[in-house]
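1. heads up, no residue letters with this:
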């Protein structure tokens with residue numbers, strides 16, 4: 001695949017064999033960087049039941065192994081690109097890879113759950129740098145005429161990392177114990193670091209942005225607000241008390257402070273004026289809602305498969321990998337379908353598929369076992385791939401060309417907000433529906449009850465997304481959503 005990206009240079013200036021070799025390995029380093037950061041998102045989910053046993057911790061605390069990683073990425077991914085402009089993209093990427101490696105070692109040797117959670121947060125910071133700067137470095141590492149192909153390769157590597165996580169994690173846990181899901185990053189990370197250091201082009205001098213352009217206040221406020229929200233819905237072991245209410249109020253107050261800070265920042269992390277565009281606001285909101293449902297399948301799924309269907313870690317991982325594999329295979333065809341039939345129609349079909357899958361997911365497994373779980377999961381993830389591709393197309397074609405970088409960051413932020421909500425809020429709904437403070441000791445019937453409530457809420461969220469899509473239909477059509485193919489997207 002790398003050779004095909006470098007090939008096809010008949011009309012391009014001749015490139016020396018040495019230059020071709022360097023480009024190929026530079027792209028390999030960027031591909032590995034994307035693979036590692038996406039693998040870190042999904043590989044820990046399958047280990048949650050094992051970690052709950054290992055540390056004798058309730059579900060609400062173990063959730064933070066996933067949440068800490070996602071929070072770090074969400075809070076930083078919009079701003080690390082700007083930081084790379086300040087100190088150099090290659091230099092910052094190398095720091096991010098090194099941090100990811102060290103944090104992975106600390107995760108594997110963690111003596112307590114909260115040490116593991118802190119190490120996962122550090123790993124998430126490294127992953128945020130890797131995710132953001134990998135895309136930014138493509139333009140410097142790959143010839144201009146091959147940039148699109150390189151971007152496609154990185155997208156494929158991201159999907160492979162997400163799909164590989166559950167199955168690989170299950171096999172590693174079953175064969176070597178839970179630390180192996182973190183130690184696997186070390187040799188891959190070292191290889192990535194060596195390739196990046198050797199083959200990525202040096203940072204250009206004299207092109208760095210002014211240091212005042214980095215929105216430190218906005219970044220800190222966003223991180224604290226998201227942390228308060230996640231704590232509000234996870235502590236208390238399913239009971240919503242005064243501390244939960246105080247944290248929820250603090251998160252609301254944090255949103256206000258963040259909005260105020262962004263209006264005064266010289267170069268804000270999030271441009272609030274963008275939300276005046278109804279098509280954009282609808283796209284961001286729907287993206288958050290559907291990603292919440294997808295994350296619920298990744299976080300709640302392992303507990304249901306092990307607690308209600310009584311599968312071991314390896315089989316849990318294999319079953320869970322069905323969804324991401326379908327999403328990876330559906331991505332490219334979904335783009336072609338959106339071009340052919342229009343983004344709005346395709347997004348609605350995707351949402352309907354997700355609603356149907358969410359409604360039948362808790363019911364079919366009790367009658368048909370593992371196949372009864374896989375079929376609805378495939379429907380949900382295929383619907384998600386259709387929606388996400390169409391929604392991104394509609395949003396990106398409703399803006400001016402000079403806004404694409406900012407809007408791309410906002411779409412990424414909305415996606416990560418959905419991941420956090422799915423890991424925290426939907427996890428709490430699952431624990432509440434199971435009517436137990438410790439999901440690891442719950443009977444299969446209680447776990448199944450929690451699953452039913454969780455995906456009843458999930459179906460309701462998809463219906464809300466459908467309503468938002470219907471309300472924004474006219475403005476979406478005017479802004480170009482239905483005619484994306486005319487704009488070359």
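-> Yes, it's here. Since we're looking at a predicted model, the values are computed, not measured. Residues are numbered from 1 along each chain as shown.

2. identify the residue nearest the residue most central in space within the chain in space, chain neighbours excluded?
-> Centrality entry for the chain: nearest residue to the mean C-alpha point is residue 416, 5.4 Å, by CA atoms, centre = their mean. Nearest residue to residue 416, sequence neighbours excluded (CB to CB, 6 or more residues apart in numbering): residue 74, at 3.7 Å. C-beta: built from backbone N, CA, C; applies to glycine.

3. also residue 120?
-> The nearest residue in space to residue 120 (CB to CB, 6+ apart) is residue 68, at 4.4 Å.

4. wait, doesn't that neighbour sit right on residue 117?
-> Yes: the pair residue 68 / residue 117 is scored as a contact, 4.8 Å apart, by CB atoms under 8 Å.

5. in terms of neighbours, single out the busier of those two.
-> Neighbours around residue 68 and residue 117, counted as other CB atoms under 10 Å, are more numerous at residue 68. The numbers are 24 against 20.

6. how near is that one to residue 189?
-> Distance, residue 68 to residue 189, by CB to CB, to the nearest Å: 19 Å.

7. which other helices and strands contact the longest helix belonging to the chain?
-> Ordering each helix of the chain by length in residues (DSSP state H) puts helix 364-396 first. When contacts are defined as 3 or more CB pairs under 8 Å, 6 or more residues apart in numbering; DSSP states H and E, helix 364-396 sits against helix 278-307, helix 313-320, helix 322-341, helix 343-360, helix 404-434.

8. and that helix with helix 343-360, angle?
-> Per axes from the mean of the first three to the mean of the last three CA atoms, to 10 degrees, the angle that helix 364-396 makes with helix 343-360 is 160 degrees.

9. okay, now the unreliable bits of the stretch 1-150 of the chain?
-> Applying pLDDT under 70 to the stretch 1-150 of the chain flags residues 1-21, 82, 85, 135-136, 138-150.

10. if we go to 90?
-> Along the stretch 1-150 of the chain, the parts satisfying pLDDT under 90 run over 1-64, 66-68, 70-93, 128-150.

11. tell me the contacts of residue 302?
-> 45-46, 48-49, 316, 320 (CB atoms under 8 Å, 6 or more residues apart in numbering).

12. by neighbour count, which of the residues you listed wins?
-> residue 46 (32 neighbours).

13. would you reformat the contacts of residue 302 as a markdown table and include distance to residue 129?
-> A markdown table is the format used below for the contacts of residue 302 (distance: CB to CB, whole Å):
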| residue | distance to residue 129 |
| --- | --- |
| 45 | 22 |
| 46 | 25 |
| 48 | 25 |
| 49 | 30 |
| 316 | 31 |
| 320 | 27 |
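
14. closest one of these to residue 420?
-> Among the contacts of residue 302, residue 45 lies closest to residue 420 (CB to CB), at 13.7 Å.

15. what's the burial count for the nearest residue to that closest one once chain neighbours are set aside?
-> Using CB to CB, 6+ apart and skipping residues adjacent in sequence, the residue nearest residue 45 is residue 298, 4.6 Å away. By the measure other CB under 10 Å, the count of residues near residue 298 is 25.

16. is it correct that residue 298 is in contact with residue 43?
-> No: in this structure, residue 298 is not within contact of residue 43 by CB under 8 Å, at 10.6 Å.

17. now do the shared contacts for these two.
-> Residues touching both residue 298 and residue 43 (CB under 8 Å, 6+ apart): residue 166.

18. mind listing the helices for the stretch 101-250 of the chain?
-> Assigned by DSSP state H, counting those that start in this stretch, the helices in the stretch 101-250 of the chain fall at 113-141, 147-176, 180-183, 185-199, 216-232, 242-264.

19. thinking again about what came up before, give the contact list for the residue nearest to residue 416.
-> By CB under 8 Å, 6+ apart, the neighbours of residue 74 are 222, 226, 413, 416-417, 419-420.

20. what's the farthest-apart pair in those residues?
-> 222 and 419 (14.7 Å).

21. which secondary structure element contains residue 50?
-> Counting by DSSP states H and E, the element that carries residue 50 is helix 48-54.

22. can you spell out which helices and strands pack onto that helix?
-> The contact analysis (3+ CB pairs under 8 Å, 6+ apart) places helix 48-54 against helix 59-62, helix 64-76, helix 278-307, helix 313-320.

23. after the second one, which helix or strand is next?
-> Sequence-wise, the next helix or strand downstream of helix 64-76 (DSSP H and E) is helix 80-87.

24. which strands and helices lie in contact with that following helix?
-> helix 89-108, helix 113-141.

25. okay, those helices in a markdown table with distance to residue 278 next?
-> As requested, the helices and strands packed on helix 80-87 are exported to a markdown table (distance: least, CB to CB, whole Å):
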| stretch | distance to residue 278 |
| --- | --- |
| helix 89-108 | 35 |
| helix 113-141 | 28 |
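
26. closest to residue 385 out of these?
-> Nearest of the helices and strands packed on helix 80-87 to residue 385, taken as CB to CB: helix 113-141 at 19.2 Å.

27. about what we covered before: wait, isn't the residue nearest to the centre of the chain in contact with residue 72?
-> No: if you go by CB under 8 Å, residue 416 and residue 72 don't touch, sitting 10.0 Å apart.

28. care to break this structure down by domain?
-> 17-202, 215-266, 270-489 (automatic domain parsing).

29. model confidence over the second one, on average?
-> Per-region confidence: domain 215-266 scores 80 on mean pLDDT.

30. list the residues that contact the residue nearest to residue 120.
-> 117-118, 120-121, 124.

31. what do you get for residue 223?
-> Going by CB under 8 Å, 6+ apart, residue 223 touches 71-72, 75-76.

32. please repeat the previous calculation with a cut-off of 6 Å.
-> residue 75 (CB atoms under 6 Å, 6 or more residues apart in numbering).

33. likewise residue 383?
-> 350, 353-354.

34. cool, and residue 250?
-> Here residue 250 is in contact with residue 228 (CB under 6 Å, 6+ apart).

35. can you count the residues close to residue 253?
-> So residue 253, with other CB under 10 Å, has 12 neighbours.

36. burial count for the closest residue to residue 81 other than its chain neighbours?
-> Leaving aside its chain neighbours, residue 81 sits nearest to residue 132 (4.7 Å; criterion: CB to CB, 6+ apart). Using other CB under 10 Å, residue 132 is surrounded by 27 other residues.

37. residue 132 contacts residue 80, correct?
-> Yes: using CB atoms under 6 Å, residue 132 is in contact with residue 80, at 4.7 Å.

38. joint contacts of the two?
-> Common neighbours of residue 132 and residue 80 (CB under 6 Å, 6+ apart) do not exist.

39. for the longest helix of the chain, list every residue counted as buried.
-> Residues of helix 364-396 classed as buried by neighbour count (16 or more other CB atoms under 10 Å): 364-366, 372-396.

40. give me the distance between the nearest residue to residue 444 once chain neighbours are set aside and residue 443.
-> Leaving aside its sequence neighbours, residue 444 sits nearest to residue 308 (CB to CB, 6+ apart; 4.6 Å). Applying CB to CB, the value for residue 308 to residue 443 is 9 Å.

41. likewise for residue 52?
-> Counting by CB to CB, the gap from residue 52 to residue 443 is 16 Å.

42. neighbour-wise, which of those two wins?
-> A side-by-side neighbour count of residue 52 and residue 443, using other CB under 10 Å, places residue 52 first with 23 against 12.

43. surely the more buried one touches residue 61?
-> No: applying CB under 6 Å, one finds residue 52 not in contact with residue 61, separated by 8.2 Å.
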